[in-house]
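> take a look and give me a structure for this.
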Amino acid sequence: MKRFALEIRVASRKSRSYLIRYFLSRIMRLGPQSHQLMFGESEPISKSLSVLKKIDDAYIYSVPHPRDNNLEIHAFSPRYLIRGSDISVDTVTGIVTLPNGNFVVESSSWSKQDLELNVVHRSRYFQEVKVSGVENVLLASNGFYHWLLEDLPLYLRLLKEKRQEGTSLKTFVYDSAPTYVKDFLSWMSIEGINLQRFASFEEMEFISRGDDTGWPRREDINILRDTFAPLFLEKKLDKKIYISRIKSTRTTHYESELTALLAADGWTILYPETLSLAEQIQKISEARVLCGLHGAGLAGMVWMNSSATVIEISRATMSRACFARLANSCHLNYFWLSDDSMDISNLFLAISKLTESDTPVF
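The predicted model follows:
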């Protein structure tokens, strides 16, 4: 009953926040409107966009939710290779804006509602850089989870498509892109061309997306693993790795004490922000067990061998199941621990017990 009451309070706060933002966006008209491609006969309803080819088919995916074991179902839309002409692009998010000022929903993995409430309008208050020429592509600079699982796979798909055609692409990137974006380009020996936050392109190609945030696609996981396979270390998978947030953001009051207990028990404490992208991949690929607070660092599970174990720690009211879905897609054992009612000793004991368990949550 107590947990149900907590869920109601969280839902109520979210609803109030949504209504306020909706009022500001729609009633006061402070935000741009969305433009959906609406593929009919393989053609979007905008003269600025053209469909080059179909990349992925639609399919249905289901997975039990880790909190209550109820089945979640998600429909993945087909994806298309799109060429945009005379468009504006947010180089951080990758969101495409048309000449009429509306943005293209399918240029982001977020839902139409989230975008209408939160997207920054195309350079309304900024001077745009103008990019001429053809065969241009953008590598967005979103937060690590969204970049790794939503942006990078589609960029890699574009590279693959163009290499098969014998065509080279010019890669553009936000001039203040995070370190992991620059690490990737360096490792791939790709010259990234720096741009300011907003830019207009005479021509640019991108792959359309569906409302898939928090739902990783199998095609994307496969191309990530294929691309970075040379970094996977061929060693005995016996490491227990804890992803720490102490040197990052959103750590907890107990994390220092917990990491001390884990380190004394033979765990490797990993601070991702102190490592290059290649170093992160190398270290996590050795893990038999990966543990951490709910956060982007857990996305590194894509580098683990199937049948390895992932342990996520979060509040009982944290209903996002993105890491459970990712673990299921990667064929990993997944466990969730609530830190609401545990003291640190009990939390450490629970982690230790799960580390030796062979029974996944699924």
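> now the helices for the stretch 251-362 of the chain?
Counting by DSSP state H, counting those that start in this stretch, the stretch 251-362 of the chain has helices at residues 255-264, 277-284, 322-329, 344-355.
> same deal with the stretch 51-200 of the chain?
Counting by DSSP H, counting those that start in this stretch, the helices of the stretch 51-200 of the chain are 112-118, 144-146, 152-165, 179-187.
> out of the helices of the stretch 251-362 of the chain, nearest to V131?
Nearest to V131 among the helices of the stretch 251-362 of the chain is helix 277-284; the distance by Cβ to Cβ comes to 26.0 Å. The C-beta positions use only the backbone N, C-alpha and C, and glycine is treated the same way.
> identify the residues contacting the closest one?
179-180, 183-184, 187, 228, 231-233, 239, 241, 268, 270, 272, 275, 290, 300-301, 303-304 (Cβ atoms under 8 Å, 6 or more residues apart in numbering).
> pairing partners for the lengthiest strand in the chain, with directions?
Determined from DSSP state E, the single longest strand within the chain is strand 79-90. Strand pairing for strand 79-90, using DSSP bridges, gives strand 49-56 (antiparallel), strand 96-97 (antiparallel), strand 198-207 (antiparallel).
> run the angle between the last one and helix 152-165 for me.
The one in question is strand 198-207. Going by axes from the mean of the first three to the mean of the last three Cα atoms, to 10 degrees, strand 198-207 is angled at 70 degrees with respect to helix 152-165.
> tell me the average confidence for the next helix-or-strand element following strand 198-207?
Beyond strand 198-207 in the direction of the C-terminus, DSSP states H and E gives the next helix or strand as helix 218-228. Helix 218-228 carries an average pLDDT of 96.
> next one: stretch 142-160
On average, stretch 142-160 scores 96.
> who's in contact with it?
55, 79, 81, 92-94, 109, 137, 139-141, 169, 171, 178, 180-181, 184, 205-207, 209, 212-213, 216-217, 219-221, 223-224, 227, 272, 296-297, 299, 302, 322, 326.
> next: stretch 249-263.
By Cβ under 8 Å, 6+ apart, stretch 249-263 touches 240, 242, 244-246, 269, 291, 293, 295, 339, 344-345, 347-348, 351.
> filter those to the buried ones?
The neighbour count (16 or more other Cβ atoms under 10 Å) marks 240, 242, 244-245, 291, 293, 295, 339, 344, 347-348, 351 as buried among those.
> re the thing from before, only C-alpha atoms, please: export the longest strand of the chain in CSV.
Provided in CSV are the C-alpha atoms of strand 79-90 (Å, rounded to 0.1, in the frame of the first residue of the first chain):
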residue,chain,number,x,y,z
ARG,A,79,13.3,3.2,-40.6
TYR,A,80,14.3,5.0,-43.8
LEU,A,81,17.3,6.7,-45.2
ILE,A,82,16.3,10.3,-45.7
ARG,A,83,17.9,13.2,-47.6
GLY,A,84,17.1,16.6,-46.4
SER,A,85,17.5,19.8,-48.5
ASP,A,86,17.6,23.3,-47.1
ILE,A,87,17.1,22.2,-43.5
SER,A,88,18.3,23.4,-40.1
VAL,A,89,19.9,21.1,-37.6
ASP,A,90,20.5,21.2,-33.8
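> and stretch 217-224, how far from the chain's centre?
12 Å (Cα atoms, centre = their mean, to the nearest Å).
> go on, stretch 224-237?
With Cα atoms, centre = their mean, you get 20 Å for stretch 224-237.
> same check, this time on stretch 149-166
Taking mean C-alpha positions (Cα atoms, centre = their mean), stretch 149-166 and its chain are 17 Å apart.
> got it, and stretch 288-305?
Worked out by Cα atoms, centre = their mean, stretch 288-305 lies 13 Å from the chain centre.
> in that stretch, which residues are buried?
For stretch 288-305, by 16+ other Cβ under 10 Å, it's 288-304.
> and the pLDDT for the residue nearest to C291 when sequence neighbours are not counted?
In space, and not counting its chain neighbours, C291 is closest to I311: 4.1 Å by Cβ to Cβ, 6 or more residues apart in numbering. Per-residue pLDDT puts I311 at 95.
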